[in-house]
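J.: prediction below, plus the sequence it came from.
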Amino acid sequence: MAESDVGQVGERIEGLLGELAERADQPTVELAEDLVHTLLEFYGAGLERVLAVVRESDGGEALLGRLADDEHVRGLLVLHDLHPKTTLERVTEALDKVRPYLGSHAGDVDIVGITGEGVLQLQLMGTCDGCPSSTVTAKYAIERVVREAAPEISDVVVEGVVPEGTAPVQTGPGGRPLLPLEALECPVPAEQA
């Protein structure tokens with residue numbers, strides 16, 4: 001299996017179970033779901049034992065760190081709730097990767113929290129908050145690294161993002177909005193101008 005396919009395995013399994021549910025009777029569907037869950041439990045228990053042996057060996061923590069950094073292994077560790085770092089730690093490390101880019105635009109991002117449903121809540125800071133490019137930044141920079149580091153996150157909500165299709169507001173000194181020229185009335189009557 002190619003590394004790029006790892007993130008799609010769960011979706012593929014769900015799709016296959018859904019397809020089976022459309023074609024088979026309920027007892028067969030339940031049997032297939034039980035088979036999948038039994039296999040996951042079996043592999044999870046085996047992976048947990050492997051990690052215990054790794055931790056007990058010389059240099060085991062360093063090896064565990066290297067394993068956890070591997071895209072494929074990281075996904076398995078998260079799936080079985082065995083990753084050595086918490087979701088918050090992995091999200092923080094992921095955001096540290098995009099902070100230099102955000103900082104180059106005098107911006108930043110803060111973690112507001114992670115809900116019980118696995119929704120990561122973020123807040124854009126500095127010039128990124130309300131920036132017309134914030135949608136692209138959130139989608140292609142922030143969300144991408146977060147999902148790679150913490151695939152268990154169900155959604156990423158970023159406050160301070162300008163909704164797509166919204167025209168940027170031009171501001172002048174002090175951050176006050178500028179009025180378009182059409183909105184200004186000329187103090188000189190039209191016949192004198």
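T.: Good, I have the coordinates.
J.: wasn't Ala21 part of a strand?
T.: No - if the criterion is DSSP: H, G, I helix; E, B strand; the rest coil, then Ala21 is helix and not within a strand.
J.: where does this structure have low pLDDT?
T.: Residue ranges of the chain with pLDDT under 70: 1-7, 127-137, 139, 161-193.
J.: what's the burial count for the closest residue to Val119 other than its chain neighbours?
T.: Spatially, and ignoring its direct neighbours in sequence, Val119 is nearest to Asp155 (4.6 Å; CB to CB, 6 or more residues apart in numbering). Using the backbone N, CA and C atoms, a C-beta is placed for each residue, glycine as well. Residues lying near Asp155 (other CB atoms under 10 Å) number 12.
J.: need the contact list for Asp155.
T.: Taking CB atoms under 8 Å, 6 or more residues apart in numbering, we find Asp155 in contact with Gly118, Val119, Leu120.
J.: and Gly75, helix, strand or coil?
T.: Secondary structure, three-state DSSP: Gly75 is helix.
J.: my guess is it contacts Ala149. True?
T.: No - with contact defined as CB atoms under 8 Å, Gly75 and Ala149 do not form a contacting pair (10.8 Å).
J.: those two: which is more packed in?
T.: Ala149 (22 against 19).
J.: show me the contacts for the closest residue to that one other than its chain neighbours.
T.: Using CB to CB, 6+ apart and skipping the chain neighbours, the partner closest in space to Ala149 is Ala94 (3.8 Å). Going by CB under 8 Å, 6+ apart, Ala94 touches Val145, Val146, Glu148, Ala149, Ala150.
J.: mind checking the SS state of Thr38?
T.: Three-state call for Thr38 (three-state DSSP): helix.
J.: before we move on, the earlier item: among the contacts of Ala94, which lie within helices?
T.: If you go by DSSP state H, these have Val145, Val146, Glu148, Ala149 in helices.
J.: contacts for stretch 142-151?
T.: The contact list for stretch 142-151 (CB under 8 Å, 6+ apart) reads 7, 71, 74-75, 78, 87, 90-91, 93-95, 97-98, 109, 120, 122, 153, 156, 158.
J.: switch the cut-off to 7 Å
T.: Residues outside stretch 142-151 that contact it (CB atoms under 7 Å, 6 or more residues apart in numbering): 7, 75, 78, 87, 90-91, 93-94, 97-98, 109, 120, 122, 153, 156, 158.
J.: can you check stretch 111-120 too?
T.: With CB under 7 Å, 6+ apart as the test, stretch 111-120 has contacts from 87-88, 91-92, 121-123, 146, 152-157.
J.: in these, find the pair that's most separated.
T.: The distance between the two most remote of those (CB to CB) is 21.1 Å, for Gln123 and Glu152.
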